[in-house]
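[1] generate a structure from the sequence data that follows.
(chains A and B)
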Amino acid sequence: EPEVTQTPSHQVTQMGQEVILRCVPISNHLYFYWYRQILGQKVEFLVSFYNNEISEKSEIFDDQFSVERPDGSNFTLKIRSTKLEDSAMYFCASSESLGTGTYEQYFGPGTRLTVT
Amino acid sequence: DAKTTQPPSMDCAEGRAANLPCNHSTISGNEYVYWYRQIHSQGPQYIIHGLKNNETNEMASLIITEDRKSSTLILPHATLRDTAVYYCIVGHSARQLTFGSGTQLTVLP
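    From the prediction side, this is the model:
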């Protein structure tokens, strides 16, 4: 069964450093998403991406964040200068155009980002 | 997107049906009801969704009331591996999912 994959599974970085989190969405999917979950808190939406551009973003997704689909398979989230409060589990998700307008999202296993 | 209300926790005996309720009284006509679950700190897992009609798949059944103001997710024969946080989410297709606190379902042996 196709699945969303994410690398690395765990990333430790120092405050102020740049990190890139990588995702490989399900191959025929057209919509891509990033969410995050701070330990013990709710899953929060960050950004959605369709047709090579951002379609929605939350208040969390400020200028420190960017997304890119550098080739036909990868979808990346870059945090330019990490802060302690960026420590969280980051989940990538993808969904496809089924023609029925429902678009259920399939999530990857997540990358745990620890900023020290 | 409409807000949902779920009980914070529920228990269910292994092998029995688990019925998880959700209230979404402010749902609009073109919003879907989605159910996801999260096992420990894994990525959320899609379970089922519906608009007006009841739905069933290999994982669960979804019963939506006629006025669409509430729904129930049914796991027909709960196993220990179904222990998870279950999220009821109302929203429009292709858009962001807004996760609440969900219901912690514990399946007891």
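[2] what's the local residue count around the residue in chain B that chain A sits nearest to?
    At 3.5 Å from chain A, B:Gly43 is the closest residue in chain B, using Cβ to the nearest Cβ. Where C-beta positions appear, they are placed from N, C-alpha and C, glycine not excepted. Neighbour count of B:Gly43, defined by other Cβ atoms under 10 Å in any protein chain shown: 23.
[3] in space, what's closest to it - neighbours in sequence excluded?
    Of all residues not flanking B:Gly43 in the chain, A:Phe107 sits nearest, at 3.5 Å (Cβ to Cβ, 6 or more residues apart in numbering or on different chains).
[4] ok, now which ones touch the one you found?
    For A:Phe107, the contact set (Cβ atoms under 8 Å, 6 or more residues apart in numbering or on different chains) comprises A:4, A:35, A:91-93, B:43-46.
[5] following element in sequence after the host helix or strand of B:Ile47, please.
    Counting by DSSP states H and E, the element that carries B:Ile47 is strand B:45-50. For strand B:45-50, the succeeding helix or strand toward the C-terminus, using DSSP H and E, is strand B:55-56.
[6] and chain A, which residues reach chain B?
    A:4, A:31, A:33, A:35, A:37, A:42-45, A:48, A:50, A:55-56, A:58, A:89, A:91, A:93, A:95, A:97, A:101-110 (Cβ under 8 Å from any Cβ of the partner chain).
[7] which neighbouring elements make contact with the strand holding B:Ile47?
    strand A:106-107, strand B:32-38, strand B:55-56, strand B:61-64, strand B:70-75 (3 or more Cβ pairs under 8 Å, 6 or more residues apart in numbering or on different chains; DSSP states H and E).
[8] turn the ones you listed into CSV, including mean pLDDT and distance to B:Ala84.
    Formatted as CSV, the helices and strands packed on strand B:45-50 follow (pLDDT from 0 to 100; distance: least, Cβ to Cβ, whole Å):
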stretch, mean pLDDT, distance to B:Ala84
strand A:106-107, 95, 13
strand B:32-38, 95, 4
strand B:55-56, 96, 19
strand B:61-64, 98, 16
strand B:70-75, 98, 10
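[9] for A:Glu68, find the nearest of those strands.
    strand A:106-107 (19.6 Å; Cβ to Cβ).
[10] where's the very next helix or strand once past the closest one relative to the chain centroid, distance-wise?
    Stepping forward along the backbone from strand A:106-107, the first helix or strand reached (DSSP H and E) is strand A:111-115. Strand A:111-115 sits 12 Å away from the centroid of its parent chain (Cα atoms, centre = their mean, to the nearest Å).
[11] pLDDT at residue 21, what is it?
    No chain was given, so I picked chain A. In this model, A:Leu21 is scored at 98, pLDDT.
[12] chain B was what I was after
    Residue-level pLDDT assigned to B:Pro21 equals 98.
[13] between strand B:32-38 and the helix or strand where A:Tyr90 lies, find me the angle.
    Assigned by DSSP H and E, A:Tyr90 falls within strand A:88-95. Strand A:88-95 and strand B:32-38 are oriented at 140 degrees to each other (axes from the mean of the first three to the mean of the last three Cα atoms, to 10 degrees).
[14] just checking, what packs against whichever strand or helix holds A:Thr76?
    A:Thr76 is part of strand A:75-79, with elements assigned from DSSP H and E. Packing contacts for strand A:75-79, counted by 3+ Cβ pairs under 8 Å, 6+ apart, involve strand A:19-24, strand A:43-50, strand A:65-68, strand A:88-95.
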